[in-house]
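1. Quick one: sequence and predicted model below, then my questions.
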Amino acid sequence: MLLRFGYVSTALSLWEASPSRTLTFTNWKKLNKEERKEKLHDSIEQNLKNTIRALHYNIAHGISVYRMSSSLVPLATHPEAGWDYVTPFKHRFAEIGDLVKKHQLRVSFHPNQFTLFTSPKEHVTENSITDMTYHYTMLEAMGLDKESTINIHIGGAYGDKEAALNTFNKNFAKLDPSIQAQTTLENDDKTYTAEETLRLCEHHSLPFVFDYHHHWANPGNDSFENLLPAIFDTWKNRSQPAKFHLSSPKSETEFRSHADYVDLDFALPFIKALKAYGQSADIMIEAKAKDKAALKLIEEIAKIRGYKRVEGGAIKIN
């Protein structure tokens, strides 16, 4: 079996490589029409170029799993600043998609915590649909809308978890079916446990992205080892292996926050459980040190008997 590791957004090993350069709406309003266009175009051009730089870095280092920044396009979803961000940059989006497909990379998006479908407030749902549509539009422009995914959390409980889950079912149905089909759900560290998230994934036939750190902070009533067969089963009709998130606590007091690197002792029970289950998987490292954290963890795991590093970002388990 093969475990492939990836990281989020910015390759810290590269100089000035942030793909999340932004322009605030306040500053945008201060500019005239031509200045607004120039600032927005400069930002997205740099963000897309840095995404391409990161992909080349990943290819060179054998890292096949990568989460793209949700902030590639400044003000893309702002109601007053909405603009055509695809047409002027078709070649850049296409270049990203071509790289991903040529080198068989796995890329995804993860909108922020405000993109949710449990809120009783209609405008929150409308904003979430707008945000999901923005992410999907970028995948379409890249030619990756059939294989790449958009991962979200379920949302809040609002004092009644079962009612909130019913609200999710109602609001999620308002999302375009093509976008629904590319959506994955993740358990969170405070509200919805792995069991609850799994049930919702099964109800909507969505893949489940299990987060080990979140499960540790919000464990529910069942062990993750017992949940693994059902978790993998949510990916059975997908062309890609099951995907997981991995990080470790920053400290005893800030146990929900992500540390700069992944503590091997914290991660090993999870890695060994995957080994015992025996199916290949992809693991997104959510540590603050990003690519450096992923590569360091791979080096440490590869020193353990039975784990062989076969690429820069992959471990083969005998």
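-> All right, it came through fine. Numbers count the residues shown, from 1 in each chain.
2. how near is E186 to S18?
-> E186 sits at a distance of 24 Å from S18 (criterion: C-beta to C-beta, to the nearest Å). All C-beta atoms are positioned from the backbone trio N, CA, C, and that covers glycine.
3. which strand is the longest one in this protein?
-> Longest strand of the chain, by residue count under DSSP state E: strand 2-8.
4. For the stretch 1-150 of the chain, just list every one of the helices.
-> 25-29, 33-60, 90-102, 122-142 (DSSP state H, counting those that start in this stretch).
5. just to revisit the earlier point, show me which of E186 and S18 is the more surrounded one.
-> Using other C-beta atoms under 10 Å as the criterion, E186 and S18 rank with E186 on top: 21 against 17.
6. ok, that one touching L206?
-> No - contact criterion C-beta atoms under 8 Å: E186 and L206 do not qualify, at 10.5 Å.
7. For the most centrally placed residue in the chain, give me its contacts.
-> Compute the mean C-alpha point of the chain, and by C-alpha atoms, centre = their mean the closest residue is H110, 3.8 Å away. By C-beta atoms under 8 Å, 6 or more residues apart in numbering, the residues touching H110 are V8, R67, S70, I150, N151, I152.
8. you'd agree the second one is up against A11?
-> Read it as R67. No - between R67 and A11 there is no contact under C-beta under 8 Å: 11.7 Å.
9. partners of the strand or helix carrying I283 in the sheet?
-> According to DSSP states H and E, I283 maps onto strand 281-285. Take DSSP bridges as the rule and strand 281-285 pairs in its sheet with strand 2-8 (parallel), strand 242-246 (parallel).
10. now the angle between strand 2-8 and the next helix or strand along the chain from it, please.
-> Following strand 281-285 in sequence order, the next helix or strand is helix 290-302 (DSSP H and E). Angle of helix 290-302 versus strand 2-8, following axes from the mean of the first three to the mean of the last three C-alpha atoms, to 10 degrees, is 160 degrees.
11. Average pLDDT for helix 290-302, rounded please.
-> Averaged over helix 290-302, pLDDT sits at 98.
12. And stretch 176-187, by the same measure?
-> The average pLDDT for stretch 176-187 rounds to 98.
13. So if I had to pick from R67 and A11, which one is more boxed in?
-> Each of R67 and A11 has its neighbours counted (other C-beta under 10 Å); A11 has more, 24 against 20.
14. Got the phi and psi for that one?
-> phi -80, psi 100 (degrees, to the nearest 10).
15. That one against A54, yeah?
-> Yes - here A11 reaches A54: they are 4.5 Å apart, a contact under C-beta under 8 Å.
16. got the buried residues for the strand holding I283?
-> With burial defined by 16 or more other C-beta atoms under 10 Å, the residues of strand 281-285 counted as buried are A281, D282, I283, M284, I285.
17. so which of those comes closest to S247?
-> I285 (6.9 Å; C-beta to C-beta).
18. Just give the closest residue to that closest one, not the sequence neighbours.
-> Among residues not flanking I285 along the chain, A294 sits closest, at 4.2 Å (C-beta to C-beta, 6 or more residues apart in numbering).
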